[in-house]
Structure formats: structure tokens, C-alpha cells
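[1] Here is the input, now give the coordinates:
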Amino acid sequence: MIKNNFVVSILFFSLIVIAGWFFFKNNNNTLNSNEAAFALKDTSVITSIVISKNDSSLTFSRSGGYWHFYKSYIANPSLMDICFRVISQVEIKSAIPKKKLIEISDKIKQKGSEIKIYQKNKLIRNYYIYPDYLTKSIYMMMKGSNKPFQVLLPSFQGNFAAVFRIDTNFWRDLSVIRYSPAQINYIKVEQTGNPKQSFILQTSKKEKIILSDLISGQSQKFNSEAVEAYLFCFRNVKIVKYIGNEKKIFDQLLKTQPSYIITIREVSGNLKVLKTYPFNKISGSPEKENIVYFNDYCYLLLNDQEIAIVKFVEIDPLTRDLDFFTH
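    Residues are numbered from 1 along each chain as shown. A predicted model of the protein is given here:
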């Protein structure tokens, strides 16, 4: 009898252990799959990303090899790389103590950025990310959950959560020109201070290259190597930054004669007009923009709509004299 009771007790205890193991196993699996599975290994399935904060949002979608927002703006590739590193490689550093769960989860919901990741119309990830600057910790939490986690990004030092912000000037690609020779129909360079050196360079696949004096309209003989080198300069021209809607500066630029006017007509028919202005002709510059080397930068007006700051070394190769091609 005693032996039978002992066997029953052992079996009962074993059943409890097995049941407990399955309970905790299922709980852990649920936690891993639903509350802590932030990383998405296969990012090739992503078709759009939405970042939301304080009733504002920014949507990124893939097109033509680049990520765009507001349809026409290309997102900065370097920032998108960080974004995708977070999406695919973020790891759990630690769970949050119970006594701090409510405090941290409330902060994440109130101050964090919400991330939505889509595969076509299917929402495949939806979570918050929040950097706590006081503790230098970064937290993530699934939407609909109240269990935040402290996270890390392997081999990355710094606040990677800061990339998820609603700021169009922050996200915009700093390359204002990115053309191959086959994309250009013609380039016109006007020098307001030296009109005799102004020119127009016509080039396309279907036509031979024609270089003309802008004043007389007469075609000029040119050095083909010089033209080839010049067109190469249009492959990637970067600005320092956009400066937003500075109405005072914008009004001054429109009233001031630019140093150069560079007009690029694409084969598709689109026009891009760049006008350069030295700082010394615009009041309040460059101290307001925190530019240290006064003579190394200038203002760039894009299509009479946006203002940017550019280094002379970036824009100077585009402002060649007519003599550059003919001598």
C-alpha cells in the first residue's frame, strides 16, 4: 500500500513538473514571438515604413532603387541603412523590473516613436522605440503590449533610436544632383559677373555633343576629354544641409543677383535650376548657420523654392568657364 502511494506520488509530481515545463515553455514562446520579436531578418519583403510621433507621420516607400517620402524626396541612404540595421539586428538587452514596467511603458507611449512596417498591405511589425537620455538606455515595446524591453544594436555605439524622427530636412538625401551623362539633355551655365564665359552644352544619346557660346549662340570646338570630365561632375553633388523656410533669407536671395545660374534639363524634360550666392551679400550670414569658414560655403537656391548650404568644392566643378572646354 505504501509502495503504491509512493508510486502515485511520484507520478503526480512528475505530471506537475511536465505541466509546469509546458506552461513556461509556451509562455516563453509567446513572449519571444509576440512581445520581444522586434528584429525582422528578411528585410527584402518590406515595401513601406511609417514613423509616427505626436500626431505626425512620415511614410517611406521603395521606388527605383531608392527609398522615397512625399513621393518626390529621396531618403538619405546612410540614414536608411541605420534604420534597416535596427529593423533587422536589434536585440534584447534586458527585461524591465516589474516595479518600473508601468513607468517605462507610459514613457514609451507618450514620448517614443511608433514604427509600422508593411509587406504590401500587410502590417508585419508594429512597435515603439524610445531613447531615455537620462539613463542612456533605449527601449522598445510592441504596440498593444505593456512589456517594454531594453534593447541594443550590435557593433553600434550611440543613440540609434534617434534615426526614427519626423523631420523632413533630417531625412532628405543630401545629393541634390545625381545624373549620368545619358540622363542629361543639356546644361546651361550663366556667369552673371562674366557673361562671355557662359555656355550651353547639349548632350544626349541621339545627338552629338554641341557646345555653344551663350551670348552669340555660336557652336564652339571643344576638347572631348574636358567635356567627359565635366559631365562626370554631375554624378553626385552634395549639400551641407537644407535650411528650411527662412523667409528673410529667401526674400533676400530673390532680390540679389546670383553668382552662377546652372540649368540642367533632363532627357525626360524635367528642369533643375541651381543659383549660387555668396554669404557676404546676404545679411545675417553665415553666423546664423554656424558656418565656420566663411569663404568655403555659399547659398544654393533650388528651383527658386528651397535654400541649401553647399561647399564651394562641391559646386565649383559645375561652374566651369567656356575656356575650360575650348583650350
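[2] count of neighbours near the nearest residue to residue 237 once chain neighbours are set aside?
    Leaving aside its sequence neighbours, residue 237 sits nearest to residue 177 (C-beta to C-beta, 6 or more residues apart in numbering; 4.0 Å). The way it works is simple: take the backbone N, C-alpha and C, and place the C-beta from them, glycine included. Using other C-beta atoms under 10 Å, residue 177 has 19 neighbouring residues.
[3] What of residue 199?
    24.
[4] Over to residue 55?
    6.
[5] what's the spacing between it and residue 179?
    38 Å (C-beta to C-beta, to the nearest Å).
[6] before we move on, what about residue 103?
    52 Å.
[7] These two - which one has more neighbours?
    Per other C-beta under 10 Å, whichever of residue 103 and residue 179 has more neighbours is residue 179, with 18 against 11.
[8] Roughly how far does that one sit from residue 211?
    Taken as C-beta to C-beta, the span from residue 179 to residue 211 is 18 Å.
[9] okay, and for the stretch 101-250 of the chain, where does confidence drop off?
    By pLDDT under 70, the low-scoring segments of the stretch 101-250 of the chain are 205-207, 244-245.
[10] what about the helices in it?
    168-171, 224-232, 247-255 (DSSP state H, counting those that start in this stretch).
[11] Need the ones you listed in JSON lines (columns: mean neighbour count).
    Shown next, in JSON lines, are those (neighbours: other C-beta atoms under 10 Å):
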{"stretch": "helix 168-171", "mean neighbour count": "15"}
{"stretch": "helix 224-232", "mean neighbour count": "14"}
{"stretch": "helix 247-255", "mean neighbour count": "14"}
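[12] so which of those gets nearest residue 262?
    For residue 262, the closest of the helices of the stretch 101-250 of the chain is helix 224-232, at 11.8 Å, according to C-beta to C-beta.
[13] Go ahead and confirm residue 168 touches residue 69.
    Yes: in this structure, residue 168 is within contact of residue 69 by C-beta atoms under 8 Å, at 7.3 Å.
[14] Give me the common contacts of the two.
    Shared contacts of residue 168 and residue 69 (C-beta atoms under 8 Å, 6 or more residues apart in numbering): residue 58.
[15] Tell me how far the residue nearest the centre of the chain lies from residue 168.
    Of all residues in the chain, the one closest to the mean position by C-alpha atoms, centre = their mean is residue 76, 2.7 Å from it. Applying C-beta to C-beta, the value for residue 76 to residue 168 is 11 Å.
[16] go on, residue 215?
    Residue 215 sits 40 Å away from residue 168, taking C-beta to C-beta as the criterion.
[17] the domain parsing of the protein - what is it?
    43-171, 175-326 (automatic domain parsing).
[18] Can you measure across the longest one, start residue to end residue?
    End-to-end distance of domain 175-326 (C-alpha to C-alpha, to the nearest Å): 29 Å.
[19] again with stretch 181-199
    Note: stretch 181-199 ends 17 Å apart using C-alpha to C-alpha.
[20] For it, could you pull out the residues that count as buried?
    Going by neighbour count (16 or more other C-beta atoms under 10 Å), the buried part of stretch 181-199 is 181, 184, 185, 186, 187, 188, 189, 190, 191, 197, 198, 199.
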